[in-house]
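# Quick one: sequence plus predicted model below, questions after.
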Amino acid sequence: MCLAVPALIKKIEGKDADVEIGGITRRISLRLTPEAKTGDYVLLHTGFAINIIDKQEAEETLKLFAEMAEQVTE
């Protein structure tokens, strides 16, 4: 099973980007999604953006992840 998480592109430098995931910034590769732009949400898997997704889908997924995290900490 693979897990990909939504990440928001904050800045692009060449074929790499800084993305935000839950308040944490990471550097990722855009080599598989060269059409991605700043402000796009991408699915992130093993350091690579593998697909661009719409904002609503990304926000719904992130909300579900937050709800799951709450259940674990209770």
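Sure thing, it's come through.
# quick one: pLDDT of the nearest residue to residue 41 once chain neighbours are set aside?
Of all residues not flanking residue 41 in the chain, residue 58 sits nearest, at 3.7 Å (CB to CB, 6 or more residues apart in numbering). Every C-beta, even on glycine, is put in place using the N, C-alpha and C of the backbone. pLDDT for residue 58: 95.
# these two touch, right, residue 58 and residue 40?
No. The pair residue 58 / residue 40 is not scored as a contact, 9.2 Å apart, by CB atoms under 8 Å.
# shared neighbours, the two?
residue 8 (CB atoms under 8 Å, 6 or more residues apart in numbering).
# just checking, what packs against the helix or strand of the chain with the lowest mean pLDDT?
When each helix and strand of the chain is scored by mean pLDDT, DSSP states H and E, helix 55-73 comes last, with a mean of 90. With contacts taken as 3 or more CB pairs under 8 Å, 6 or more residues apart in numbering; DSSP states H and E, helix 55-73 sits against strand 5-13, strand 41-45.
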